[in-house]
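Student: Predicted model and sequence below, questions to follow.
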Amino acid sequence: MALSMRHWTGLKLGWLPLALLFVISGCQQPIELYVVASDEPIPENRTETTFTSINAALDKVMELRNGKTDVPATINIAAGDYYLDAPLQLDSELSNLKIIGQGPSKVKIKGSVPLQLAWSKTDSQLHVADVPQGLDFDQLVVDGVPQILARYPNYDESAQYWQGYAEDAISKERLASWAKPSGAFFHALHRGKWGGFHWKITGVKDDGTPILEGGHQNNRGSAPHEEYRMVENVLEELDSPGEWFLDKEANKLYLWPTAGINLHNATVEVSHLKSLIEVKGTLDQPVKNVQISGIKFEHTRRTFMEEYEALLRSDWTIYRGGVLFYEGTENCSVTDCEFTNLGGNAIMVSKYNSGLNISGNLIHDIGASAVSFVGDPSAVRSPSFNYGQFVELSEMDTVKGPQNELYPRACLVENNLIHRIGRIEKQSAGIQISMAMHITARHNSVYDVPRAGINIGDGTWGGHVLEYNDVFNTVLETSDHGSFNAWGRDRFWHPKRKVMDSITTAYPDLYALDAIHTTVIRNNRFRCDHGWDIDLDDGSSNYHIYNNLCLSSGIKLREGFARVVENNILVNNSLHPHVWFANSRDVFRHNIVGDAYQDVGLLGWGKELDYNFFPTEEAMLKSQVYDRDMHSAFGDPLFKDAGALDFSVADNSPALEIGFENFPMDSFGVQKPELRKIAKTPEVPTTKKINDSETSPEVAWLRNRLKSVVSEQEQSAYGLNSAEGVIVLSIWKPSPAAQGNGIRKGDVILEVEGEKIKNTIDFLNETKKHQESGQMGVVVMRDQKEAPLQVQLK
């Protein structure tokens, strides 16, 4: 870009190299340098302070400091496109440095190179150009718009998976139609849709199937999904506008341009770098006080075929790299920048980092995760690296906490707008935390992502605070996950449940060896229509979750310890307690729920479940059967303005009587004005209106499924005298009620200890009376005959 000094809008025009004179004279004056994207001659009186490359300015800082790293330095970058030959390297000698751009709309640092090409047509649509020999790239950008690597099936933004998927992506028949299958990339979801996999086709076997290299990008191995598949980088699949292909052997670039593009004067750029700035120190010599702001970062290579490492026993493996890479730093920051059109991770915070501030950034349309905090496994005591691995108790290091300092701590992610990430890598997140301590994520908006918006991979070492975030439109291309997701497969956790139960019974505080600090999740708004709003999966322990608005799928707590969940609003949904330990110490109180609990396989009901507000008496009674929620209530919570996403309750709400307290409804998500202006908000849920006199279609009782008789058709089918009673829809075989001469599938319960049963509410109320005795007499209609039974309750 040609740029003269008069284009330096907003920066000093008449400076003199006074900083240089002060440094030369021995005074510790700040250094101020300038970078312009210009090949024009620089005025003679400014040659000492003005440069045409960022690297040249960095070299000048080193020269002027002469080893004195405490001298503050600022590099001001004027408007322009800055193409890097290699990533900028900042070590401890470049501490106390500011790199300030004029704003991301003006200053662009790119991992691409521009090409001057002579295009010719091969047919009515396809164009071809010669490229320099040996040039290799995997992103093509034309007039600022990324193009589509030739693929099957064709790109379709409306398709849920891979923006288009096909079962026959690498079928024998399709491979046989390609002249050169080698070099194609095959992408498929995990068979359980727990993220994705990527392979490179390196050849074809004698039976016509592909030879694949890769598949290392997920820590829960599986065969590729049979249906959700896509293949790319195949010349024969270049069959729609916007698609391209590079023939590396012939050094030719093929493109089907979209309407309106004139290739003869178009700007063509191709990616060649994976990283743009690397701020790297050591524990002994950290990089300190480096500030980066006002820059757009774009056009880097994809990284899905790089070397990955397992993040302990979480489902993640990760490429430890990013467009901005931090390792061994203290009190650095990246603010008011934009990250877009990137092939992999945007910001990677690796190993030792303290006090890093990531704020006010726009991160969108990138290949993998937005912000990742990933410690070093050497800091973890007795680590394991796959779901099935475990360090035996006799061999386990039982000292609490980390064993060295190689992990991120006391870092802040605030006021960022993150969306459309994970465009390539599906095991990705807006904010990823693993092997770290005291990370705060505040006032971020995260949406339109393939998996979790915020993910914590393990319990090491907790103390995180997630507050005032707005996280929605998540788990769009995967499943069994949440807007917030966590795992806690730490030292105490064992893949064999019986073994884990025996360990945690004998050593109930073992979870606290790794989850040494409580993680707080408060004042957030979550919505996930494809999993759970909050998902604390395997082993997640030591959490305090309060004042959150969950708009769709409730809160799941799988086995773990010491989770306190209070004063949340769960719209249209409820608590999902899954396979709790006998003494989990879990607490669920003062919450407004939209349905009955959805429990699965509990060995115990935690420390306290009480003072909650249910939509109906029936939903509440389901919990009271287990001697929980004895002080809870039900009814209409009287939300103030649900249609405007204000779910605070009115002053006369009965929910206030059980201890619920309103919390702010106008502080979720990014608050920076220019980002808030463009940020989306979640779709308003349609709240269920349940009349108190109505009964829900089904209820769970001692893990058996029941429903009220509600129609004459059911009365006729079961041979009943009236449309009253409770139908047993299914039986859980281990249920005490199904043992001996107990209930069976197809029974209709008519009486409990002589009291007639009209519906499930009657039934649950009556069973509550007999819970202490552990048994009760019932009369059922079985094979159109009344039969007395003695049913066990414990």
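Tutor: Structure's in. What do you need?
Student: end to end, how far does stretch 747-758 reach?
Tutor: 14 Å (CA to CA, to the nearest Å).
Student: now swap in stretch 291-303 and tell me
Tutor: End-to-end distance of stretch 291-303 (CA to CA): 26 Å.
Student: do the same with stretch 526-544
Tutor: Stretch 526-544: ends 16 Å apart by CA to CA.
Student: can you check stretch 622-633 too?
Tutor: End-to-end distance for stretch 622-633, by CA to CA: 12 Å.
Student: hmm, who's touching it?
Tutor: 596-597, 605, 609-614, 620, 654-655, 657-658, 699-702, 764, 767-768, 771 (CB atoms under 8 Å, 6 or more residues apart in numbering). All C-beta atoms are positioned from the backbone trio N, CA, C, and that covers glycine.
Student: okay, stretch 206-223 in PDB with CA atoms only?
Tutor: Listed in PDB are the C-alpha atoms of stretch 206-223, where the atom choice follows Å, rounded to 0.1, in the frame of the first residue of the first chain:
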ATOM      1  CA  ASP A 206      -6.500 -52.200  -3.700                       C
ATOM      2  CA  ASP A 207     -10.100 -52.500  -2.600                       C
ATOM      3  CA  GLY A 208     -10.800 -48.900  -3.600                       C
ATOM      4  CA  THR A 209     -11.000 -47.500  -0.100                       C
ATOM      5  CA  PRO A 210      -8.800 -44.500   0.900                       C
ATOM      6  CA  ILE A 211      -5.600 -44.600   2.900                       C
ATOM      7  CA  LEU A 212      -6.100 -42.100   5.700                       C
ATOM      8  CA  GLU A 213      -3.600 -40.200   7.800                       C
ATOM      9  CA  GLY A 214      -4.800 -38.200  10.800                       C
ATOM     10  CA  GLY A 215      -7.800 -38.600  13.000                       C
ATOM     11  CA  HIS A 216      -5.900 -37.400  16.100                       C
ATOM     12  CA  GLN A 217      -7.900 -34.300  16.800                       C
ATOM     13  CA  ASN A 218     -10.300 -35.900  19.400                       C
ATOM     14  CA  ASN A 219      -9.400 -37.500  22.800                       C
ATOM     15  CA  ARG A 220     -12.500 -39.900  22.600                       C
ATOM     16  CA  GLY A 221     -11.600 -42.000  19.600                       C
ATOM     17  CA  SER A 222     -14.300 -43.500  17.400                       C
ATOM     18  CA  ALA A 223     -15.000 -44.500  13.900                       C
END
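Student: low pLDDT regions in the protein?
Tutor: For the chain, residues meeting the criterion pLDDT under 70 lie at 1-27, 39-41, 43, 689-697, 713, 717.
Student: switch to 80 and redo it
Tutor: 1-28, 38-47, 625-626, 687-698, 703, 711-717, 719 (pLDDT under 80).
Student: For Arg229, grab phi and psi.
Tutor: phi -130, psi 150 (degrees, to the nearest 10).
Student: Number of residues surrounding it?
Tutor: Using other CB atoms under 10 Å, the number of residues around Arg229 comes to 23.
Student: If it is in a bridge, with which residues?
Tutor: With DSSP bridges as the criterion, Arg229 is bridged to Ala188.
Student: Look up how far Ala169 lies from it.
Tutor: If you measure Arg229 against Ala169 using CB to CB, to the nearest Å, the figure is 4 Å.
Student: what residues are shared contacts of the two?
Tutor: Both Arg229 and Ala169 are contacted by 186, 188, under the criterion CB under 8 Å, 6+ apart.
Student: Name the residues of the biggest helix by length in the chain that come out as buried.
Tutor: Longest helix in the chain, counting residues (DSSP state H): helix 54-65. Within helix 54-65, the residues that count as buried by 16 or more other CB atoms under 10 Å are 54, 57-58, 60-61, 64-65.
Student: ok, now stretch 512-523?
Tutor: 512-516, 518-523.
Student: now stretch 604-613
Tutor: The neighbour-count check on stretch 604-613 (16+ other CB under 10 Å) flags 605-606, 609-613 as buried.
Student: which one of the residues you listed sits closest to Ile424?
Tutor: Among the buried residues of stretch 604-613, Gly606 lies closest to Ile424 (CB to CB), at 40.5 Å.
Student: Nearest to Ala188 among the buried residues of helix 54-65?
Tutor: Ile54 (40.0 Å).
Student: picking up where we left off before, can you pick out the ones from the buried residues of stretch 512-523 that are in strands?
Tutor: The members of these that map onto strands under DSSP state E are 519-522.
Student: Which of those lies at the shortest distance from His530?
Tutor: Checking those against His530 with CB to CB, the nearest one is Ile521 at 19.7 Å.
Student: Run through the bridge partners of that closest one.
Tutor: Leu466, Ile545.
Student: Isn't it up against Phe484?
Tutor: Yes. Using CB atoms under 8 Å, Ile521 makes contact with Phe484 at a distance of 6.6 Å.
Student: any residues in contact with both of those two?
Tutor: Shared contacts of Ile521 and Phe484 (CB under 8 Å, 6+ apart): 466, 534.
Student: close enough to count as contact, Gly101 and Gly294?
Tutor: Yes. Using CB under 8 Å as the test, Gly101 is close enough to Gly294 to be in contact (3.6 Å).
Student: Looking at the two now, which is surrounded by more residues?
Tutor: Legend: neighbour count by other CB under 10 Å for Gly101 and Gly294, higher for Gly101 (25 against 20).
Student: if I look at the more buried one, how far off is Thr50?
Tutor: To Thr50, Gly101 is 15 Å away according to CB to CB.
Student: what ranges do the helices span in this protein?
Tutor: Assigned by DSSP H, the chain shows helices spanning 18-24, 54-65, 172-176, 497-506, 617-624, 673-676, 712-718, 760-769.
Student: Return the shortest one as PDB; C-alpha atoms alone will do.
Tutor: This means helix 673-676. Provided in PDB are the C-alpha atoms of helix 673-676 (Å, rounded to 0.1, in the frame of the first residue of the first chain):
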ATOM      1  CA  PRO A 673     -20.600   0.100  22.800                       C
ATOM      2  CA  GLU A 674     -19.300  -0.600  19.300                       C
ATOM      3  CA  LEU A 675     -19.400  -4.300  19.900                       C
ATOM      4  CA  ARG A 676     -22.700  -4.400  21.800                       C
END
